[in-house]
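[1] Give the three-dimensional model of this entry:
(chains A, B, C and D)
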2 protein chains.
Amino acid sequence: MKIATFNVNSLRKRLPIVLDWLAQQKPDVLCLQETKVQDSEFPLLALAPSGYHITFRGMKSYNGVAILSRKPPEAVFHGFDDGGESEDARLLRVVIDGIPIVNTYVPQGFEIDSPKYQYKLGWYERLRQYFEKHLSPTKPAIWCGDMNIAPRPMDVHSPEKHLKHVCYHEDARKVYERTLAWGFQDVFVKLYPDRRQYTFWDYRAPSSLEANKGWRIDHILATAPLAEQCTRVDVDVEPRRAKDPSDHTFIWAEFSV
Amino acid sequence: MKIATFNVNSLRKRLPIVLDWLAQQKPDVLCLQETKVQDSEFPLLALAPSGYHITFRGMKSYNGVAILSRKPPEAVFHGFDDGGESEDARLLRVVIDGIPIVNTYVPQGFEIDSPKYQYKLGWYERLRQYFEKHLSPTKPAIWCGDMNIAPRPMDVHSPEKHLKHVCYHEDARKVYERTLAWGFQDVFVKLYPDRRQYTFWDYRAPSSLEANKGWRIDHILATAPLAEQCTRVDVDVEPRRAKDPSDHTFIWAEFSV
DNA sequence: GCTTATGGTG
DNA sequence: CACCATAAGC
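    Here you go, the predicted structure:
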C-alpha cells in the first residue's frame, strides 16, 4: 500500500498538480489538507477523471481535508467526537483494506503567547485521546497530514532561530511527541534517521526553496505492526518547483501490505 | 506608419496579449489605456523583450496611459496644461517622426445625471482647446485612444436602448463631434463608412461577444493631411477571444508616411 | 507570497 | 464579468 499526504493550499488552485501527481505516482491513498473549499463547491467533476474515490469535508476560506483512494473506504468518520469543537474540516478518518487512516490538518497556532497556540496544544491532547478511543497501537493504523510540527532540530533550517516558533517550540514538540508515544512511529525517521528533507518552504522568502530554507512538518506515521512493514518513504520536491505551487509538497510511504 | 490603440484593462494582466500582438503586428506605435499601474510598478522589464520604447504615466487602481514606439519619441508631454486637473494618467502626447501623437483615455462619465458626466463633457472641451494650443489642423497629427463615445447609431448595438448612456447620449456625441470639428477625421469612418465593427464588448453580458453586442468607442483620428494618406484601418477581434482578455480589443491604422 | 473574503468600479 | 483595494491567515 502506497500512501501520500499533501497540503494543497487551495485544492481548486492545485487541481493540475494533484491530477498530475496521481497519474504519475498512483498512490493507493492520498490525504489532502487545506482544500479551502466548502463541500457544495468541492471539485468532484474535475477530479473524476482520476478514478479515485473521494471523501472530504471543508468550509469556506480555511482548512478542509480530503482523502482520495483507489478503493472506496469501508467507513468514514468526520472530526472529533469528544463533545468539543468537532473540527471536521481538520480531522478525517477512513478505513481502507481494514486499516484506519487518520488525516489531520493540525492548527498552526499563530504565536506562542496566543490562545491559538494553547488551542493547538490542546488539539494534540484531544487527538491522543481520540487514538486511545478508536485505534489500537498493536493493530495497523496510519496517521498522516500537516502536523505543523518540526519534531527534531534537523527538521527545520536554523532551529536556534525558531525556538519560539509555534511549529518548533518545546511545548509543541513535547505534546506532539506524547501523542506519538501513544503508539505511532514516524516512518520517515524510522527508515532514514539522518536524512534532512523538508516538506514545506514558505512563499514569503523568495529564496526559501533555492536556499532550501524549509521545514519538515508534513508527516506519515504508522502503528508498530505497520511501521515494521514500511519499505520506502520519500518526499517529492518537484511539485514545489512547478508552476503555481503549493508552499508544501508531497510525502509518500510504501507498506508491504 | 502603422499605429494602434488598445484599452488593456490592466497592463499587468494583459502582458501576454500585448507582447503577442506586438510580435505579430509590429506596429510603429501602440497606444495603451487603463494600464492601472503606478509608475513605480510599471512592468518595464516584462516589456523589454519587445524592444519598444515606452512612455507612460499611471496611478494606483485606475486610468493610466502608455505609448510603445519602435523609435524613441522626440518629445513627451503629460496631461493638460490649462491650470485644471492635469489628468496625466489619461492624456499623453509624444512626437515621433515629427508627428504629434495624442493618446487619451477619456472619462467614462458614469451616468447622465452625475457630475462625472459633466466632467466628461468638459474634458472634451478642454481637449479641443488643447488641440488648438498645441496642434495645427493643416499639419500631420494623430489622436487615438478610448474615447468612450460611440459616434453614430451603427457604432453601438441597439442604439435606441442607449440614448441615455453616457457613451451615446446626444450631448456626449455633440461635444465629441465638435472636438473632431477642430480638425480630426476618424480614419475608420473615412475608409469604411458602412462597416459595422465594434472595439468593446462588456464582460458583464456573457454572450456579448458571441451575439456581437458591442460598442465602437476606441478610435484613431488624423488631421486632414495625414487622413488622406491613410491606406488601411482594421479592428483585430482575436485578442478579445483570447484567454483572459481585456473587454476591448485593438484597432490599428496604416499611413503611407 | 499566495491564498481567501468583501466591497467598489465599469 | 473581471478588474481594483483591503484585511486576514499561514
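[2] In three-state terms, how would the closest residue to DNA strand D within the stretch 101-250 of chain A be classified?
    Nearest residue of the stretch 101-250 of chain A to DNA strand D: residue A:108, at 4.0 Å (C-beta to the nearest atom of the strand). (Each C-beta comes from the backbone N, C-alpha and C, glycine too.) State at residue A:108, reduced to three classes by DSSP: H, G, I helix; E, B strand; the rest coil: coil.
[3] Contacts only, for it.
    Shown in contact with residue A:108 (C-beta atoms under 8 Å, 6 or more residues apart in numbering or on different chains): A:116, A:120, A:148, A:166, A:167.
[4] How about residue A:29?
    Contacts of residue A:29 by C-beta under 8 Å, 6+ apart are A:1, A:2, A:3, A:4, A:67, A:68, A:69, A:70, A:96, A:101.
[5] which among those gets closest to DNA strand C?
    Within the contacts of residue A:29, proximity to DNA strand C (C-beta to the nearest atom of the strand) peaks at residue A:68, which comes in at 18.6 Å.
[6] what bridges to that closest one?
    residue A:30, residue A:54 (DSSP bridges).
[7] which residues touch it?
    A:22, A:29, A:30, A:32, A:47, A:50, A:52, A:53, A:54.
[8] Buried among these? Make that a ChimeraX selection.
    The buried residues among the contacts of residue A:68 can be selected in ChimeraX (16 or more other C-beta atoms under 10 Å in any protein chain shown) with this line:
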select /A:22,29,30,32,47,50,52,54
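[9] can you put the contacts of residue A:68 in a markdown table and add pLDDT?
    Below are those laid out as a markdown table (pLDDT from 0 to 100):
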| residue | pLDDT |
| --- | --- |
| A:22 | 98 |
| A:29 | 98 |
| A:30 | 98 |
| A:32 | 98 |
| A:47 | 97 |
| A:50 | 97 |
| A:52 | 98 |
| A:53 | 98 |
| A:54 | 98 |
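[10] among the contacts of residue A:68, which are in reach of DNA strand C?
    Among the contacts of residue A:68, not one lies near DNA strand C by C-beta under 7 Å from any atom of the strand.
[11] Can I get the contacts of residue A:68 in a markdown table including distance to DNA strand D?
    Shown next, in a markdown table, are these (distance: C-beta to the nearest atom of the strand, whole Å):
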| residue | distance to DNA strand D |
| --- | --- |
| A:22 | 24 |
| A:29 | 23 |
| A:30 | 20 |
| A:32 | 15 |
| A:47 | 22 |
| A:50 | 26 |
| A:52 | 26 |
| A:53 | 28 |
| A:54 | 23 |
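[12] Out of the contacts of residue A:29, which is nearest to DNA strand D?
    Nearest to DNA strand D among these, with distances taken as C-beta to the nearest atom of the strand, is residue A:4, at 19.8 Å.
[13] What strand or helix carries that closest one?
    strand A:2-7 (DSSP states H and E).
[14] what about stretch A:149-163, distance to the chain center?
    18 Å (C-alpha atoms, centre = their mean, to the nearest Å).
[15] Residue A:226 reaches residue A:138, doesn't it?
    No. Between residue A:226 and residue A:138 there is no contact under C-beta atoms under 8 Å: 10.6 Å.
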